[in-house]
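[1] Generate a structure from the sequence data that follows.
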Amino acid sequence: MDVKAILLGLAFAVMWSSAFTSARMIVAVAPPLGALALRFLLSGLLAVVVARIMGQSWKLSRTQWRATIIFGICQNTLYLGLNFVAMQTVQASVAAIIASSMPLMVALASWLWQGEKLRPLGIAGLLAGILGVVLIMGARLQGGLDPFGVMLCLLGMLSLSVATMAVRGATSGGNFLMVVGLQMLVGSALLWPLSLGLETYEVTWSWRLVAAFVYTTLVPGLAATLVWVTLVNRIGAVKASTFHFLNPFLGVAIAALFLGETLGPLDIVGVAIITLGILAVQLARAPRGRSV
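    Residues are numbered from 1 along each chain as shown. Got it, this is the predicted structure:
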């Protein structure tokens, strides 16, 4: 893995992890589903325009349309919709930790139900990751963490895991950004009626809200996707996925830096255990004889 690939991986991890902090800033002063629907509308249109400039077509194969619909529902409507609602009462660091455990859930499901072989290192990583989540959630729940918000985050993570397994490899073939853009537009179309039917449109306007919304639309929404595609094309999906092990630490650190969220001793220990667990799982799933 060369220096450019490492820098791309670090950039992606930072952008992905920062999305929870910017989302927390938004939902504190604006309706979460409405804000997310607008974000997806803008991000989706931008992605489609950029994809067309890059020569990508919106004439998708049946497999790609299937991936677009499933991911539009499971990732954009359910996963992010549930997380945005949950972060009205749940800290950004908690949402980041739960979402970061998605690679563990996918590895576990692939091992148990799809017959994917997992080496002893991977099994140890799964157990460590689960232990880390239990440590953090146990300490936070005793400290007054909203159980309903945690449940929404968990349901969101499970929906993303299901989508990841259902459409694995379906977005390959050089049309990735167009598929992602259309997924965002699918998510936006589904979120608008939910927002209009369930939410009261009361917004406390400030420079902080505008900056957070612009950031989450352009950086986690679009730039992170472009960086990820570049990274995968450069080093492959397995090696690129190794950078997910940074997400628990970065998600907590960014929330502490910009939102002042406090960390207890068990939080630090739990994040370290989850980080090592994700790394172990990714290393164990890498092909034998190849360095990650």
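
[2] same for the helix or strand harbouring Leu185, what does it pack against?
    Using DSSP states H and E, Leu185 maps to helix 176-198. Where contact means 3 or more C-beta pairs under 8 Å, 6 or more residues apart in numbering; DSSP states H and E, helix 176-198 is packed against helix 32-53, helix 62-71, helix 80-86, helix 224-235. Bear in mind the C-beta positions are built from the backbone N, C-alpha and C, glycine included.

[3] Let me have those helices in JSON lines, extended by mean pLDDT, distance to Val271 and mean neighbour count.
    Listed next are the helices and strands packed on helix 176-198 as JSON lines, based on pLDDT from 0 to 100; distance: least, C-beta to C-beta, whole Å; neighbours: other C-beta atoms under 10 Å:
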{"stretch": "helix 32-53", "mean pLDDT": "94", "distance to Val271": "25", "mean neighbour count": "20"}
{"stretch": "helix 62-71", "mean pLDDT": "83", "distance to Val271": "28", "mean neighbour count": "18"}
{"stretch": "helix 80-86", "mean pLDDT": "94", "distance to Val271": "18", "mean neighbour count": "26"}
{"stretch": "helix 224-235", "mean pLDDT": "82", "distance to Val271": "21", "mean neighbour count": "18"}
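
[4] Quick one: the ones you listed as a markdown table, columns for distance to Leu141 too.
    What follows is those, written out as a markdown table (distance: least, C-beta to C-beta, whole Å):
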| stretch | distance to Leu141 |
| --- | --- |
| helix 32-53 | 22 |
| helix 62-71 | 31 |
| helix 80-86 | 14 |
| helix 224-235 | 31 |
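
[5] Mind checking those helices for the one nearest to Met102?
    Between Met102 and the helices and strands packed on helix 176-198, the tightest spacing by C-beta to C-beta is seen for helix 80-86, at 11.6 Å.

[6] Quick check: the gap between the nearest residue to Ala28 once chain neighbours are set aside and Ile70.
    Nearest residue to Ala28, sequence neighbours excluded (C-beta to C-beta, 6 or more residues apart in numbering): Gln88, at 7.3 Å. Here the distance between Gln88 and Ile70 works out to 27 Å (C-beta to C-beta, to the nearest Å).

[7] And Ala23, by the same measure?
    Between Ala23 and Ile70 the distance is 23 Å, computed by C-beta to C-beta.

[8] ok, now Arg208?
    35 Å.

[9] Out of the helices and strands packed on helix 176-198, which is closest to Pro120?
    Each of the helices and strands packed on helix 176-198 was scored for nearness to Pro120 using C-beta to C-beta, and the closest is helix 224-235 (25.3 Å).

[10] following the lowest-mean-pLDDT helix or strand in the chain, which helix or strand shows up next?
    Across the helices and strands of the chain, the lowest-confidence element by mean pLDDT, DSSP states H and E is helix 237-241, at a mean of 72. On the C-terminal side of helix 237-241, the nearest following helix or strand under DSSP H and E is helix 247-259.

[11] by how many degrees do the helix holding Leu185 and helix 224-235 diverge?
    Orientation of helix 176-198 against helix 224-235 (axes from the mean of the first three to the mean of the last three C-alpha atoms, to 10 degrees) gives an angle of 150 degrees.

[12] Let me know the average pLDDT across the helix or strand following helix 176-198.
    Read in the C-terminal direction, the helix or strand following helix 176-198 is helix 207-218, with elements assigned using DSSP H and E. In this model, helix 207-218 has a mean pLDDT of 96.

[13] Helix 207-218 - contacts with which helices or strands?
    Using 3+ C-beta pairs under 8 Å, 6+ apart, helix 207-218 sits against helix 3-27, helix 32-53.

[14] Tell me the predicted confidence for Glu116.
    Per-residue confidence for Glu116 comes out at a pLDDT of 75.

[15] Can you report how many residues lie near it?
    By the other C-beta atoms under 10 Å criterion, the neighbourhood of Glu116 contains 14 residues.
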